[in-house]
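Asker: sharing a model that was predicted from the sequence below.
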There are 2 protein chains.
Amino acid sequence: VPDEARAALADGGVIAASVSGALEGVSQAAGAWLADAAAQGARFEVTGDATGTVPALLAAGLPVAPVVHLGRTDRRALASAPQAELLRTAPAPVVFRAPAADLAVLAEVLAGSAEDRRIAVPDGHADLGHGVRWLPLSEAAGAVGGEEEGVFVLAPPERAAWNVDLRPLVPLLVEQGVTARTLSTVLRPFGISRRDLYDALGDAQGSREKK
Amino acid sequence: VPDEARAALADGGVIAASVSGALEGVSQAAGAWLADAAAQGARFEVTGDATGTVPALLAAGLPVAPVVHLGRTDRRALASAPQAELLRTAPAPVVFRAPAADLAVLAEVLAGSAEDRRIAVPDGHADLGHGVRWLPLSEAAGAVGGEEEGVFVLAPPERAAWNVDLRPLVPLLVEQGVTARTLSTVLRPFGISRRDLYDALGDAQGSREKK
């Protein structure tokens, strides 16, 4: 960010920055400029974006891609597949519009990992351009609340290497003496039914028999 | 889709459908209408969308959310984390703009599962509105090719519910009597080291002690 722009931001001034073409194609340098401006507290307005998601991402200091869009959603949809799975595991920010009160469901959806996740919530009203505050997810529901809708950006889990397709793991655990009953118990909170589990075991046995 | 609209589409006619507000908020009924029109071969144009991703999704018969946006990308970026992981595991369509020739890298990125995946590729030029053809991924690179950029939509893997963040699962398995040594053995092929495992167990113990 040039010094004059930095000074203008510090004074609460307005900078009009225009990019040619779609924001998805901005250069790394331009992206770094935008993220730096966001860190200085710049507020963002993007013409032609009816959803408010693009200025929310920019205000959060993030590029506009890669990103997961959940669209307009609510507590019921957030808790259901595939949204819950995207929230849990996607190695990219997740942006969505929802009633602020519905953020509370994220603590359940993210179970044990909620403490490590951060979320960008609207800072003031968007009529001054979109700004955000980053909060630990555990504080977000209490900090915003209310039935008013906002655009929220959930940061991805910090270490995504743990997001794996469990199916190949299941027969390995069974080979090591873990019972199907135990697996059924521990997998249920992850939305994996007993039926899914036996299908995975069946597939593994099937492919073993084929050899 | 009303009969008159259906007939107009069959004759190659143009229908102007307008929705109030952002497409992310359209009702299920309106979404079904749009998907049905797409199945009839309707072509789509969305004012104010500079990226071309929204008409591509509509032409593919998909809702505009939930969806993963990779933005403007290329073979190098598609093969690198986190894009590769999103392509492999996200339980939502992945939309991106790339040179058609770069689709070839997807077969590598998706390794064993490429045969099961479908991708929507541009059908003719977008100056007539955006239309798509769905192809098996294995045929797409050969069918389009060339250095021209297009917007592509990769369908999600058919059963994605199994992609989970393993960290909360690890202490549950230990509680059920699975030893850390067993977990270490079975998790190694997934790129999870003994150190990662003990970190996950340590975190869980830490948060339990806090209670």
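Answerer: Everything's here; your move. Residues are numbered from 1 along each chain as shown, chains lettered A, B, ... in the order given.
Asker: helix, strand, or coil at the spatially closest residue to A:Glu115 that is not a sequence neighbour?
Answerer: For A:Glu115, ignoring the flanking residues on the chain, the nearest one in space by CB to CB, 6 or more residues apart in numbering or on different chains is A:Ser138 at 5.9 Å. Using the backbone N, CA and C atoms, a C-beta is placed for each residue, glycine as well. At A:Ser138, secondary structure determined by DSSP: H, G, I helix; E, B strand; the rest coil is helix.
Asker: now do the contacts for A:Ser138.
Answerer: A:Ser138 is in contact with A:Ala107, A:Ala114, A:Glu115, counting by CB atoms under 8 Å, 6 or more residues apart in numbering or on different chains.
Asker: just the buried subset of those, please.
Answerer: A:Ala114 (16 or more other CB atoms under 10 Å in any protein chain shown).
Asker: circling back to that earlier point, tell me how far the residue nearest to A:Glu115 lies from chain B.
Answerer: 12 Å (CB to the nearest CB, to the nearest Å).
Asker: using TSV, please lay out the contacts of A:Ser138 together with distance to B:Arg6 and secondary structure.
Answerer: Formatted as TSV, those follow (distance: CB to CB, whole Å; DSSP: H, G, I helix; E, B strand; the rest coil):
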residue	distance to B:Arg6	secondary structure
A:Ala107	46	helix
A:Ala114	48	helix
A:Glu115	53	helix
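Asker: let me know the closest of the contacts of A:Ser138 to chain B.
Answerer: A:Glu115 (7.0 Å; CB to the nearest CB).
Asker: how far away is the closest one from A:Asn163?
Answerer: 18 Å (CB to CB, to the nearest Å).
Asker: in CSV: the contacts of A:Ser138, plus pLDDT.
Answerer: Converted to CSV, the contacts of A:Ser138 look like this (pLDDT from 0 to 100):
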residue, pLDDT
A:Ala107, 87
A:Ala114, 70
A:Glu115, 72
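Asker: and which of the contacts of A:Ser138 is nearest B:Ala98?
Answerer: A:Ala114 (34.8 Å; CB to CB).
Asker: my guess is that closest one contacts A:Ala141, does it?
Answerer: No - counting by CB atoms under 8 Å, A:Ala114 does not reach A:Ala141; the two are 10.3 Å apart.
Asker: what residues do the two have in common as contacts?
Answerer: With CB under 8 Å, 6+ apart, A:Ala114 and A:Ala141 have common neighbours A:Leu106, A:Ala107.
Asker: run through the neighbouring helices and strands of the helix or strand where A:Arg181 lies.
Answerer: When elements are assigned from DSSP states H and E, A:Arg181 belongs to helix A:180-187. Here helix A:180-187 touches helix A:169-175, helix A:194-210, helix B:169-175, going by 3 or more CB pairs under 8 Å, 6 or more residues apart in numbering or on different chains; DSSP states H and E.
Asker: pull out the buried residues from stretch A:66-81.
Answerer: Going by 16+ other CB under 10 Å, stretch A:66-81 has these buried residues: A:Pro66, A:Val67, A:Val68, A:His69, A:Leu70, A:Gly71, A:Arg72, A:Thr73, A:Arg75, A:Ala77, A:Leu78, A:Ala79.
Asker: doesn't the fifth one lie inside a strand?
Answerer: Right, A:Leu70. Yes - A:Leu70 forms part of a strand when assessed by three-state DSSP.
Asker: next, count neighbours for A:Tyr198.
Answerer: A:Tyr198 is surrounded by 14 other residues when neighbours are defined as other CB atoms under 10 Å in any protein chain shown.
Asker: leaving out chain neighbours, which residue sits closest to it?
Answerer: Nearest non-adjacent residue to A:Tyr198 (CB to CB, 6+ apart): A:Ala180, at 7.2 Å.
Asker: can you give me the buried ones in stretch A:80-87?
Answerer: Quick answer for stretch A:80-87 (16+ other CB under 10 Å): A:Pro82, A:Gln83, A:Ala84, A:Glu85, A:Leu86, A:Leu87.
Asker: within reach of chain B, which of those residues are there?
Answerer: A:Pro82, A:Gln83, A:Glu85, A:Leu86 (CB under 8 Å from any CB of the partner chain).
Asker: B:Pro66 is in contact with the first one, correct?
Answerer: So the one you mean is A:Pro82. Yes - in this structure, A:Pro82 is within contact of B:Pro66 by CB under 8 Å, at 6.2 Å.
Asker: now do the shared contacts for these two.
Answerer: In contact with both A:Pro82 and B:Pro66: B:Ala92, using CB under 8 Å, 6+ apart.
Asker: out of the ones next to chain B among the buried residues of stretch A:80-87, which one sits closest to B:Gly61?
Answerer: Closest approach to B:Gly61 among these (CB to CB): A:Pro82, at 17.0 Å.
Asker: which of the residues in stretch A:164-172 are classified as buried?
Answerer: Here stretch A:164-172 shows A:Val164, A:Asp165, A:Leu166, A:Arg167, A:Leu169, A:Val170, A:Pro171, A:Leu172 as buried, counting by 16+ other CB under 10 Å.
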